[in-house]
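Chemist: Give me coordinates for this.
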Amino acid sequence: MVAADGSVDAVAYARASVARDLILARRRAGMTQGQLAKAAGVRQETVSRLESELQTITEVRKLWGVLDKPRGRSSR
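Modeler: Sure, this is the predicted structure:
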């Protein structure tokens, strides 16, 4: 991810950042990839691909739409 001159590919960095944040938010929500996929109206394979840094903005928005909603769970 870091070039010989010390620069970083901005797109690769952004994808990695989105993937990391998505994984953390899904885990905080106590959801499996399958549960998140069903709630967002996408396939589980899509969630897996997004968490592997191969995302599109449309798919990411669907997942964040689910994770940003209150789920009625008590905080721990």
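
Chemist: For the residue nearest the centre of the chain, give its distance to Gly30.
Modeler: Note on the chain: the residue nearest the mean C-alpha position is Leu22, at 2.7 Å, using CA atoms, centre = their mean. Leu22 sits 15 Å away from Gly30, going by CB to CB, to the nearest Å. In short, each C-beta sits where N, CA and C put it, glycine included.

Chemist: Over to Ala19: give its phi and psi.
Modeler: phi -60, psi -50 (degrees, to the nearest 10).

Chemist: Checking the residue lying closest to it once chain neighbours are set aside next. Helix, strand or coil?
Modeler: With sequence-adjacent residues excluded and distances taken as CB to CB, 6 or more residues apart in numbering, Ala19 is closest to Glu53, at 4.5 Å. Following DSSP: H, G, I helix; E, B strand; the rest coil, we place Glu53 in the coil state.

Chemist: Make sure the residue nearest to the centre of the chain is indeed in a helix.
Modeler: Yes - according to three-state DSSP, Leu22 belongs to a helix.

Chemist: For stretch 3-13, list the C-alpha coordinates in PDB.
Modeler: Presented in PDB, the C-alpha positions along stretch 3-13 are these (Å, rounded to 0.1, in the frame of the first residue of the first chain):
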ATOM      1  CA  ALA A   3       5.100   3.100  -2.500                       C
ATOM      2  CA  ALA A   4       8.900   3.300  -2.400                       C
ATOM      3  CA  ASP A   5       8.700   7.100  -2.200                       C
ATOM      4  CA  GLY A   6       6.500   6.900   0.900                       C
ATOM      5  CA  SER A   7       3.300   7.900  -0.800                       C
ATOM      6  CA  VAL A   8       0.000   6.000  -0.300                       C
ATOM      7  CA  ASP A   9      -2.600   5.100  -2.900                       C
ATOM      8  CA  ALA A  10      -5.600   7.200  -1.800                       C
ATOM      9  CA  VAL A  11      -8.200   4.800  -3.300                       C
ATOM     10  CA  ALA A  12      -6.600   1.800  -1.700                       C
ATOM     11  CA  TYR A  13      -6.400   3.600   1.600                       C
END
